[in-house]
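**Q** Need coordinates for the following:
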Amino acid sequence: MNRWKASAIHLLISFCVVGTITGLIYFLWFPHALIRIAGMDRLLVTMLCVDIVAGPLLTLIVFKINDLRQTRRDLAVIGLLQAAFMGYALHTAWISRPVFLVWSVDQMYLLYANDLDAEDLAQAKAPGADDLSWFGPRLFAVTLPKEHEAKAAIFTDLIVRQKALERLPVHYGLYAGQRDRILKAAEPAVPASLPKWQSATSLASAIAETGRPADDLRLVPIQSARGASMLLIDARTGEPVRTLAPPPAH
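**A** Prediction:
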């Protein structure tokens with residue numbers, strides 16, 4: 001075996017491992033193209049570059065057919081470095097994974113594991129809102145009491161605690177229970193419904209990706225700690241369908 005073949009084998013193994021992990025992160029944690037506002041694509045690109053490019057390149061450099069003992073030691077070190085970086089990248093992704101997709105007041109919020117405090121989770125009443133999801137964001141809607149005094153007390157508490165309403169699972173309710181309110185707040189999936197910073201091209205592209213006519217979809221704003229965009233939802237059920245690509249950062 002020569003160095004080129006060894007590097008090619010290393011490239012194939014790295015591609016399979018990193019590609020599998022990337023696919024799981026993309027499709028499991030970020031349905032509806034939510035990765036577009038999560039900033040996780042930068043981590044995935046870094047992981048791909050380091051593990052797929054750097055590892056095989058180092059193999060190409062250190063491989064010596066006439067000194068296999070030294071070559072094995074060098075390859076072991078490269079493998080350990082790759083594994084260490086992969087472990088760090090996965091840990092970073094894990095502690096900031098998306099756990100809840102919450103409708104609050106007039107828009108959708110994508111919340112990450114490090115957005116929420118354990119004591120707030122412990123106060124949750126809705127099923128599934130008292131722990132952090134492992135397999136993609138769970139869907140909820142903030143449900144407020146109808147009484148004016150009760151509402152005022154909640155908003156006073158928000159000011160005192162300096163926390164946003166969507167970050168308090170105690171106020172989460174079933175998403176389906178707020179469907180009518182959500183659909184009432186949604187806009188038609190047409191360019192006129194877009195904010196000035198959102199391009200009509202991104203809307204057309206997102207609708208095409210769904211494979212559905214625009215009349216079957218509605219638009220709502222979506223926001224996270226790392227980005228904001230618009231979200232296509234089903235015009236009948238209110239279920240999330242596709243996130244529009246946000247404008248490029250300047």
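
**Q** Is residue 100 in a helix, a strand, or coil?
**A** strand (DSSP: H, G, I helix; E, B strand; the rest coil).

**Q** Next: residue 136.
**A** Residue 136 - assigned by three-state DSSP - is coil.

**Q** Can you give me the distance of it to residue 240?
**A** 11 Å (C-beta to C-beta, to the nearest Å). From N, CA and C alone the C-beta is placed, and that goes for glycine too.

**Q** And for residue 66?
**A** 59 Å.

**Q** go on, residue 182?
**A** 10 Å.

**Q** Show me the common contact partners of those two, please.
**A** Residues touching both residue 182 and residue 240 (C-beta atoms under 8 Å, 6 or more residues apart in numbering): residue 233.

**Q** for the chain, what helix or strand is lowest in average pLDDT?
**A** When each helix and strand of the chain is scored by mean pLDDT, DSSP states H and E, helix 40-48 comes last, with a mean of 73.

**Q** tally of neighbours for residue 213?
**A** Around residue 213 there are 10 other residues, counting by other C-beta atoms under 10 Å.

**Q** roughly how far is the next helix or strand along the chain from the least confident helix or strand of the chain from the heart of the chain?
**A** Going down the chain from helix 40-48, the next helix or strand is helix 55-62, by DSSP states H and E. In terms of C-alpha atoms, centre = their mean, to the nearest Å, the centre of helix 55-62 is found 33 Å from the chain centre.

**Q** Can you mark which positions in helix 55-62 are buried?
**A** 55-56, 58-60, 62 (16 or more other C-beta atoms under 10 Å).

**Q** same question, stretch 73-81
**A** For stretch 73-81, the neighbour count (16+ other C-beta under 10 Å) marks 74-75, 78 as buried.

**Q** Among the residues you listed, which lie within strands?
**A** Judged by DSSP state E, strands contain none of these.

**Q** What are the phi and psi values at the residue in the chain sticking out farthest from the centre?
**A** Most distant from the centre of the chain: residue 66, at 47.6 Å, with distances by C-alpha atoms, centre = their mean. Main-chain dihedrals, residue 66, degrees, to the nearest 10: phi -90, psi 0.

**Q** Distance of it relative to residue 80?
**A** According to C-beta to C-beta, residue 66 and residue 80 sit 24 Å apart.

**Q** Longest helix in the protein, please.
**A** helix 68-95 (DSSP state H).

**Q** Can you tell me which helices and strands it packs against?
**A** helix 3-24, helix 40-48, helix 55-62 (3 or more C-beta pairs under 8 Å, 6 or more residues apart in numbering; DSSP states H and E).

**Q** In stretch 124-140, which residues are buried?
**A** Neighbour-count burial for stretch 124-140 [16+ other C-beta under 10 Å]: 124, 126, 129, 132-133, 136-140.

**Q** mean confidence for it?
**A** On average, the pLDDT along stretch 124-140 is 94.

**Q** And it, end to end?
**A** Its first and final residues considered, stretch 124-140 spans 12 Å by C-alpha to C-alpha, to the nearest Å.

**Q** Other residues contacting that stretch?
**A** Stretch 124-140 is touched from outside by 28-31, 34, 97-103, 110-111, 113, 116, 121-122, 169-170, 172-175, 239-240, with contacts defined as C-beta under 8 Å, 6+ apart.

**Q** ok now do residue 230, which residues does it touch?
**A** Taking C-beta under 8 Å, 6+ apart as the test, what residue 230 contacts is 194-195, 198, 203, 219-222, 243-244.

**Q** Alright, I will stop here.
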